[in-house]
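Asker: Pasting the sequence and the predicted model now:
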Amino acid sequence: MRRIVSVWLIDWPVTVWTRSAGPNTPESSRPDPFAAGAGPLALILRTARGAVIHALNPAARTLNLSRGQTQADALAMVPHLACHPADPAADLRALEALAVWGERWSPAVTVDPSEGGLEGLFLDLTGATHLLGGEDGVIARIEQRLAEAGIRARAAMAPSPGAAWALARWGNATRIASDADVREALAPLPVDSLRIDDAALKQTRRFGLKRIGDLYPMPRAGLARRFRDGAGVGLVRRLDQALGATAEALIPTRAPPRYRGWEAYADPLTDTAGIEARLPGLAESLARTMESDGQGARALTLTAFRVDGRASAVSVRMGRALRDVSIWMRLFRETGIERIDPGFGIDALMLTADVTEPMVALQVSMGEEPQARHAEGMAALIDRLSARLGEASVRVATPQGSWMPERAERWAPALTSAPVRDRHDPGRARPLLLLDPPEPVETLADLPDGAPARFTWRRVTRRVTRSDGPERLSPEWWRPRPDGRQSRTRDYYRIEDDQGLRYWLFREGLYGAEYTGAKDERAPSWWMHGMFP
């Protein structure tokens, strides 16, 4: 049986404004618009109609003010109304951050950005309620933890998101419903609790349909035809979603991890040393779970859940799949566990494997053992440097689809690049050092299409003693040159001078085929592209 929890965050915009007002002000001296003696407060939003009320505190609602009312009318009714600008974007960001904090109860938390002061969260607790003290216990625990964080909330549980949403906001006697009694639990609730739009709500009231139970005896087809502009179709769909007859998908704010370790603490952690002391046990638990499935982690995230309803996290990435706890700990130290802000205390830690890969034992021969150790050490070095300096600071050359040397590779972050296999080809030797861009040289050749016998580069003339080539590379005509010049054929030569130094030269252009001696044509030219060790 599916178990969905809907958490209604009562007056969420006012809560966000309160928590963000005066970030340098002590918590005890911040304004509390929900206190018993607090004055009326409204958050104002600028719209095409002008300034309208976006949110109200309880004191303002008792004075018959309402959302959507213009600021001028509200001030005429309540001259002492405190007005502040609303920030819906900040409200949504705070809601998404709270969804991450809600992962302390469920790995699948979905933001519910309902309007009209009905914002909230959906938590999928299917098959997990017994781990959190039962259904009654988890509802009480969620409300208690949010209240301790200064967030007014009301939660309910049902087999469908629509039913849980309705019970959280309108359910009084019943806030937990099962498949067997969901129809009975929803029957006395107003039609407003079906999350229908204003047009459908007005028509239901005009037909005298005030409660959800009034819709049960009506045929679905007739109910859908009774309304104008397709409003009835939306009403029927929402009713079927609430009753579980039609599925409703929930998309979590963050994809649920396949592997995660979790620990909660009765005494909150207040410093980095406390986090670092408990991280090895959490990592060992995660590593054992992954080892049983033959998996390794390439990305890990440590999330700290603070008592004030916020979450702080730090992530590490690895170039290869690992489940060695000592390496994990070293990478977290290199990245900086101190980046986690404990705030007023951390009462839970979660370690998740964000990217996993199968780990298969590889058997190497005795002759390949040094190369295997070298590759393992290089991978560990890349991981440590990336954790300390940042992923963008450690890059490797990765092959590209081009046979032109200057286009055959590009630099990419080492952790996000696939491992480069040995691509050595004795027939296509390439120098370790390439000049970018190639530098012009002056040559003296016995034949126009032959290797040079002497060349001058950087004002120094060198005599050629040996040469090998040519290696011909056809032009990539579909890729225009940056300088706008026509791409032409290249003939590459490996050349050694009388001092034993070796170079990689190429002639750009072919006599006869790409150069006929015409006045407007560019003669073939020689270029230095690299040096061999």
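Answerer: Yep, it's here.

Asker: Helices of the stretch 101-250 of the chain, start to end?
Answerer: For the stretch 101-250 of the chain, the helices defined by DSSP state H, counting those that start in this stretch occupy 134-148, 161-170, 182-186, 198-206, 220-226, 231-243.

Asker: Of all these, which one comes closest to Ala60?
Answerer: Distance to Ala60, taken as CB to CB, is lowest for helix 161-170 among the helices of the stretch 101-250 of the chain, at 19.4 Å. For every residue, glycine as well, the C-beta is placed using N, CA and C.

Asker: Quick one: mean pLDDT for that closest one?
Answerer: Helix 161-170 shows a mean pLDDT of 93.

Asker: And the helices of the stretch 101-250 of the chain: which comes nearest Arg407?
Answerer: With CB to CB, the closest approach to Arg407 among the helices of the stretch 101-250 of the chain belongs to helix 161-170: 51.7 Å.

Asker: Contacts for the closest one, please.
Answerer: 4-8, 112, 114, 118, 120, 122, 154-158, 174-177, 182, 185-186, 189-190, 192-195, 212, 238, 241-244, 248, 250 (CB atoms under 8 Å, 6 or more residues apart in numbering).

Asker: Could you turn the buried ones of the residues you listed into a PyMOL selection?
Answerer: In PyMOL, this line selects whichever of the contacts of helix 161-170 come out buried by 16 or more other CB atoms under 10 Å:
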select buried, resi 4+5+6+7+8+112+118+120+122+154+155+156+157+158+174+175+176+177+182+185+186+189+190+192+193+194+195+212+238+241+242+243+244+248
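
Asker: Strands of the stretch 51-200 of the chain, start to end?
Answerer: 82-85, 109-112, 120-124, 153-158 (DSSP state E, counting those that start in this stretch).

Asker: Point out the other helices and strands that the first one packs with.
Answerer: By that I understand strand 82-85. strand 41-47, helix 71-77 (3 or more CB pairs under 8 Å, 6 or more residues apart in numbering; DSSP states H and E).

Asker: tell me the most buried of the helices of the stretch 101-250 of the chain?
Answerer: helix 161-170 (a mean of 25; mean count of other CB atoms under 10 Å).

Asker: Mean pLDDT and distance to Pro342 for the helices and strands packed on strand 82-85 - can I get that in CSV?
Answerer: Converted to CSV, those look like this (pLDDT from 0 to 100; distance: least, CB to CB, whole Å):
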stretch, mean pLDDT, distance to Pro342
strand 41-47, 92, 31
helix 71-77, 93, 41
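
Asker: Would you format these as a markdown table with mean neighbour count and distance to Ser393 included?
Answerer: A markdown table is the format used below for the helices and strands packed on strand 82-85 (neighbours: other CB atoms under 10 Å; distance: least, CB to CB, whole Å):
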| stretch | mean neighbour count | distance to Ser393 |
| --- | --- | --- |
| strand 41-47 | 20 | 43 |
| helix 71-77 | 15 | 51 |
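
Asker: Can you say which of the strands of the stretch 51-200 of the chain is nearest to Phe34?
Answerer: strand 153-158 (12.2 Å).

Asker: Which other helices and strands does that closest one contact?
Answerer: Using 3+ CB pairs under 8 Å, 6+ apart, strand 153-158 is in contact with strand 4-9, helix 134-148, helix 161-170.

Asker: Go ahead and confirm Pro399 touches Glu409.
Answerer: Yes: with contacts counted by CB atoms under 8 Å, Pro399 reaches Glu409, the gap being 5.9 Å.

Asker: any chance of the helices and strands packed on strand 82-85 in CSV, plus distance to Ala287?
Answerer: Shown next, in CSV, are the helices and strands packed on strand 82-85 (distance: least, CB to CB, whole Å):
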stretch, distance to Ala287
strand 41-47, 48
helix 71-77, 58
